[in-house]
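1. Based on what follows, work out the 3D shape:
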Amino acid sequence: MIDHADKTRKPALSVVVVIFAGGRSIKRVLEALERQEGVDGPIEIVVAMAPGLVNEQTVHSGAPAARLVRGPAGAHPAELRALGVRLATAPIVACTEDHCIPARDWCARILAAHKATPLVVGGAIHKLQPDRPIAWAAYLLDYARFMPPLRAGPAPYLSDCNVSYKREALEPIVADWRDAFHETRVHDAIRARAGDGAIVLDPTIVVMQSRRPALGAFLAERFAHGRLYAQLRAAGYDSRQRWMYALGTLGLAPILTGRVVRRAWRHRDMRRGALRALPRLEWVDCGDSPRSHMHLIQVNESL
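-> So this is what the prediction gives:
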């Protein structure tokens, strides 16, 4: 149990929680943070939210000492994450979202991992079971590469739902995340300064994920995220490369669906959920693939 009584001690860890799923999901996350074990000293909790996603009373009932920061209406999760990280005061900053429940030793394992040299440490994302097909689709599309078993060590990808940073790694690259904290851009900037070994995966650092979006809202969300991904990806491309990738996205739907199912099939306890989610995966991928195509074409037309 975290002790907030001694306010004179500087926290060893700041946890930034972005409210993304909304509703009462934030309460279970905050309650899990309040029950953390093996932590000697206070933990700072910063909750970043856009207006209308959750009642403030729900936040404070889950974690009375949490700091609440509000972004503008319609703020992207990356913008909210940037707000939270700017407010965080500890030498280690961990990030997650309100649809991910930290394991009881999550904070302790993060702090232990940062006693070594890595600047960035990510963890595993397990699927909370049982769950609805749409929840499985959301998990498999976004987090299949973070399902166990995972190999510890330097990693090309980490999720912003389970990642932590030494502040000394963030301060020199503040221009890369001050307005919007996109983990891919942040990690590229850190690698450029410190090398691949600065960013590692520790599969013992675990969150349990569950989110049940409405299908229509989920399709719109995937479209918006895809446009953003394409924008970031296309920034360094010339016109020929943009057209090549834009045309290539037309065949992505079966590739992405097959890749997700193949990953899930390696894990016996994931197979049933993957089969139940398959119709949703096909719907989302069919609406998801042209999203990059459309934005890359728009980038071309603006040249």
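
2. could you pull out the helices for the stretch 201-303 of the chain?
-> All helices of the stretch 201-303 of the chain, identified by DSSP state H, counting those that start in this stretch, fall at 215-234, 239-248, 252-265, 268-301.

3. hey, least reliable of those by pLDDT?
-> Mean pLDDT is lowest for helix 268-301 among the helices of the stretch 201-303 of the chain, at a mean of 54.

4. list the contacts for Ala175?
-> If a contact means Cβ atoms under 8 Å, 6 or more residues apart in numbering, then Ala175 has no contacts. Bear in mind the C-beta positions are built from the backbone N, C-alpha and C, glycine included.

5. Let me fix that, I meant to ask about Asp176.
-> The neighbours of Asp176, taking Cβ under 8 Å, 6+ apart as the test, are 185-186, 189.

6. Now rank the residues you listed by neighbours and give me the top one.
-> Val186 (27 neighbours; other Cβ atoms under 10 Å).

7. quick one, what contacts that residue?
-> By Cβ under 8 Å, 6+ apart, the residues touching Val186 are 165, 170, 173, 176-177.

8. isn't there a helix covering Ala138?
-> Yes. Assessed by DSSP: H, G, I helix; E, B strand; the rest coil, Ala138 belongs to a helix.

9. Ala198 touches Ala169, doesn't it?
-> Yes. If you go by Cβ atoms under 8 Å, Ala198 and Ala169 touch, sitting 7.1 Å apart.

10. can you list residues touching both of those two?
-> With Cβ under 8 Å, 6+ apart, Ala198 and Ala169 have common neighbours 119-120, 190.

11. What values do phi and psi take at Val16?
-> phi -100, psi 120 (degrees, to the nearest 10).

12. Which residue, other than its chain neighbours, is closest to Ala73?
-> With sequence-adjacent residues excluded and distances taken as Cβ to Cβ, 6 or more residues apart in numbering, Ala73 is closest to Pro51, at 5.2 Å.

13. May I have the secondary structure class of that neighbour?
-> Of the three states, Pro51 takes coil under three-state DSSP.

14. can I assume it is in contact with Leu80?
-> No. Assessed by Cβ under 8 Å, Pro51 is found out of contact with Leu80, at 11.2 Å.

15. So if I had to pick from these two, which one is more boxed in?
-> Between Pro51 and Leu80, Leu80 has the larger neighbour count (other Cβ under 10 Å), namely 27 against 11.

16. State the pLDDT value of the more buried one.
-> For Leu80, the predicted pLDDT is 97.

17. who does the helix or strand encompassing it touch, helix- and strand-wise?
-> Secondary structure assignment for Leu80, by DSSP states H and E: helix 77-87. The contact analysis (3 or more Cβ pairs under 8 Å, 6 or more residues apart in numbering; DSSP states H and E) places helix 77-87 against strand 13-18, strand 43-49, strand 67-70, strand 92-97.

18. change it to 10 Å
-> Here helix 77-87 touches strand 13-18, strand 43-49, strand 67-70, strand 92-97, helix 167-170, helix 183-194, going by 3 or more Cβ pairs under 10 Å, 6 or more residues apart in numbering; DSSP states H and E.

19. State the phi and psi torsions of Ser164.
-> When quoted as degrees, to the nearest 10, the phi and psi of Ser164 stand at phi -140, psi 150.

20. What of Val59?
-> Backbone torsions of Val59, given as degrees, to the nearest 10, read phi -60, psi -50.

21. count of residues packed around it?
-> 22.

22. same deal with Arg24?
-> When neighbours are counted by other Cβ under 10 Å, Arg24 registers 13.

23. Pull the contacting residues for it.
-> The contact partners of Arg24, taken as Cβ atoms under 10 Å, 6 or more residues apart in numbering, are 54-55, 58, 61-62, 98.

24. Likewise for Arg191?
-> 119-120, 154, 156, 197-199.

25. Also Arg262?
-> By Cβ under 10 Å, 6+ apart, the contact set of Arg262 is 144, 274.
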